[in-house]
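Q: one predicted model, sequence on top.
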Amino acid sequence: MATSFKTFDTTKDSVVTRNLLHEAIPVTGTIVSGTYADNNIKNYSHGMFQSVYDYPYLSSSANHIFDLTAGYPAVSSLSKSDGTVTQQAKKINIYNQMAQVLAGFDANGAIRRFDEDGDLTDGDKINEAYFINLTRLLSKDEVKKGSFTLTLGVSASYGSPFAETINITDASGSDGYKVNSPAGDYGILFASDGTGEPMTVAAGTPVGLLYYQAGIAVLTASVFSGILSSSAEMNASAATVDAILSGSAISGNCDEFRHRFENLSFNNSTELNSTVYFCRANNTDFNYSSNPTYLSSSKMVVKNNSQDVPVSYVTAVGLYSADNELLATAKLSEPLKKDPATEFTIRVRLDY
Amino acid sequence: MPYYKFKKNDVYHNVLKTFPSVKFLVYSGSAYYNNVPNIQGAFADPTRLTDAGNVSLYEMNVDRVSASTGRFIGPAEVVSGVPGIPDNGLVFSFVEKNGSRIGFRTLASTASWNASLYGTPIYGNYPYTASISKEYYASDTPRFAPNPTLGPNGQRTGSVSHIFALKNTIDQYNYINPQFAYSSSVRDFDSIDLGLINIPSIFYGSAIKKGSVNLKYYLSGTLLAQAKDKNQDGVLYSTYGLTSGSKIGLVLYNEGFLILTSSEQLETDTSSKSYYTNTSTKDFPKWIYFAQSLSGSVLGKYGPGAGPAPDPSVGLITAPNASFVMEMSGTSHTPTLTMFASAQKGQLNQSSNPTFINYTPNNFAASSSKSYMENSQMTIKNVVSSAYADPTGSFEKTTYISKVGVYDKNKNLIAIAKVATPVKKTVERDFTFKIKLDI
């Protein structure tokens, strides 16, 4: 318990700082596409999305890593009114739900569709889309811009999907991100050849969007067809991606997407907000202690004779409110010897 | 929908005090926490990358192993000449060096920090683990190690042992029981054999519950001795075995330490002797050796320097025939908010649910450019039951309450409490719903 207090000069003795703590998150494709025989994949009775865990989800050790889903808008060429499309209403609802949260509404109140290059006034739209919703456990405050890489197997053969791959990155995200989304910043995802040369378009072709704070990647279904020299067979029946988007349930689409999921990696960021207090002990300050062990038989224990200068050992710094209520205590790793010949500035950082 | 304001006595803040049970089994150099075994995964063994006796703080890196992929996560070079973030299959944390001097404890040295460029990643590792530990102090084990070189200001430097660092803590409980004395006329912790077991607070919460400590010492699967803090004052008494009734140690409830002081042998049969400490002498089982196989004293089954080279699969453990069980309860405080929502007589008897009224084809509201008119002849559906299917019983205003919404002062819905089955509310009935929220 302190008996003397030193008041902070808030203009000089404290400063607010912000630091970023990152985590490297690799998601190996085998976890997503087969190591656990799909015991780490959870499908729901509503059938609107699929959850992927990093371990069989019945284990308490399992972490939910992302959700997968797919959809298209009512204006898509896949949208049919004859009732032949499986789960059409849900696919349209999924797309609209994602689009209104991530892309917002236009001046007429209509839901904006995802724009391939982020220029909402013009350009191609992403109609048929796969969505990867990263969990907050992985994305934390945001996905670190410029660190996202997704490798997809795009070989035409269903049986050997990774014979040819493409890499999808937000390589320009660190300095080329967009801010015209209600869900925060987003970057453009660009495709380039990985293994082999499966792409017919130039490297750097936009194929999706990555919403950094929301932790959601939107991928055009063209990554399995339009940008490739040979469309990928999305199931054992050699169906194209358009065929499974209309003919299979959302969970089936997610299964086939996982079948071609080779690798995902990104870095996340967490904001650490701190206040640093500079606690200044001048030469004449804190050279005496009210600790009961400081005195023995009315003599200072730490002094050998009465002519010695007063001396104390600083072991902790207490931060008090204006009403002298103890709010926080900072401990030193070892006591600091304090006497009139020494001065200290003890830097106390409070994270919150 | 009507709103009712909570009155002064309708909202309570309480703290729920719970005592979760904690059990450690120590055997063959490993601890097992709450009977959880080590589980082998498809890639990693154990799955959590830490022993079953350890708590993994975030449980990241489940069933992952470190293996270089040659890839980088993000750019291959973060600063000129500094390679990027490697993809080694594990989740790990990092910060980039900046002016705030933030970093991880794993940083090699201050010099390496100073030498690195701004923007250089500083790496941390997962998992973060905590586990119990055991230290054995022989009577001649130094309790502190003074440094012969004086500090720059002439101060004496050096290091102290953990038991010596607890001196003031032990002494401060002397008012509870005189046994809490580091040094007394009866006993001096500086000069006796003793065992110190450290239990991190993540296992027990605020404090170990008084009277809940139960130690069992097994030899070859047979209970040899048992000890409890039966008086709830922190003094451990033997309750079973040769030394039954004697004091065998102390518990520091708030700090999470067990200090075992009894050197009395727990078995007279010489075949029970085993290697417990880092000496070539076998000894009888004693309380000071409790959980000794955790201590890191690794011996061959024939003793140091004797017999064939130790076989790592069988011989590198202390007290191979002994197992130890340590049970206790922790203390956890959970703040709770309790709210009483009342449905008074004569209130909440109307619902805006469309099924509340009888369905007729004319139920729709007529609207035009100048008017909006609901059908004034809509009738409330009579749901009063009778012994007959038709007619129903005499009409009585009846609703079924299925949930209670809690709103803030701006009428934002902030919580919903649902009842297991809808509660029938009539004009004559009143209810009070007790809503409890852990915060």
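A: Looks like it came in fine. Predicted model only: the values in this text are computed from it and were never measured.
Q: from A:Pro26, how far out is A:Gly104?
A: Distance, A:Gly104 to A:Pro26, by Cβ to Cβ, to the nearest Å: 32 Å. The C-beta positions use only the backbone N, C-alpha and C, and glycine is treated the same way.
Q: give me the more crowded residue out of these two.
A: Taking other Cβ atoms under 10 Å in any protein chain shown, A:Gly104 and A:Pro26 do not tie; A:Pro26 has more neighbours (22 against 14).
Q: quick check, that one in contact with B:Gly89.
A: Yes: the pair A:Pro26 and B:Gly89 qualifies as a contact (Cβ atoms under 8 Å) at a distance of 5.7 Å.
Q: residues touching the closest residue to B:Ile439 other than its chain neighbours, list them.
A: Once flanking residues are discounted, B:Ile439 sits nearest to B:Pro335: 5.1 Å by Cβ to Cβ, 6 or more residues apart in numbering or on different chains. Going by Cβ atoms under 8 Å, 6 or more residues apart in numbering or on different chains, B:Pro335 touches B:His13, B:Asn14, B:Val15, B:Leu16, B:Asp438, B:Ile439.
Q: and which of these is nearest B:Asp233?
A: Comparing the contacts of B:Pro335 against B:Asp233 with Cβ to Cβ places B:Val15 closest, at 24.6 Å.
Q: re earlier: what residues do A:Pro26 and B:Gly89 have in common as contacts?
A: Here A:Pro26 and B:Gly89 share the contacting residues B:Thr69, scored by Cβ under 8 Å, 6+ apart.
Q: tally of neighbours for the one residue in the stretch 101-250 of chain B that gets nearest to chain A?
A: The nearest approach of the stretch 101-250 of chain B to chain A comes at B:Ile102, 5.0 Å away (Cβ to the nearest Cβ). The local packing of B:Ile102 (other Cβ under 10 Å) involves 18 other residues.
Q: which strand residues bridge the closest residue to it other than its chain neighbours?
A: Leaving aside its chain neighbours, B:Ile102 sits nearest to A:Asn19 (5.0 Å; criterion: Cβ to Cβ, 6+ apart). Assessed by DSSP bridges, A:Asn19 has beta-bridge partners A:Leu272.
Q: enumerate the residues of the stretch 1-150 of chain A near chain B.
A: Counting by Cβ under 8 Å from any Cβ of the partner chain, the residues of the stretch 1-150 of chain A close to chain B are A:17, A:19-26, A:28, A:35-36, A:54-55, A:59, A:61-63, A:144, A:146-147, A:149.
Q: filter those to the buried ones?
A: A:19-26, A:28, A:35-36, A:54-55, A:59, A:61-63, A:144, A:146-147, A:149 (16 or more other Cβ atoms under 10 Å in any protein chain shown).
Q: how about the strands in the stretch 201-350 of chain A?
A: A:205-211, A:216-220, A:261-281, A:295-296, A:299-300, A:312-320, A:326-338, A:344-351 (DSSP state E, counting those that start in this stretch).
Q: test my guess that A:Ser79 contacts A:Asn96.
A: No: using Cβ under 8 Å, A:Ser79 is not in contact with A:Asn96; the gap is 11.8 Å.
Q: what's the overlap in contacts for the two?
A: A:Pro73.
Q: contacts only, for the nearest residue to B:Lys381 once chain neighbours are set aside.
A: What sits nearest to B:Lys381 in space, not counting adjacent residues and going by Cβ to Cβ, 6+ apart, is B:Asn358, at 4.8 Å. Taking Cβ under 8 Å, 6+ apart, we find B:Asn358 in contact with B:Met378, B:Thr379, B:Ile380, B:Lys381.
Q: closest one to chain A out of those, please.
A: Using Cβ to the nearest Cβ, B:Lys381 is the member of the contacts of B:Asn358 that sits closest to chain A, with 30.2 Å.
Q: from B:Pro354, how far off is that closest one?
A: From B:Lys381 over to B:Pro354 (counting by Cβ to Cβ), the distance is 10 Å.
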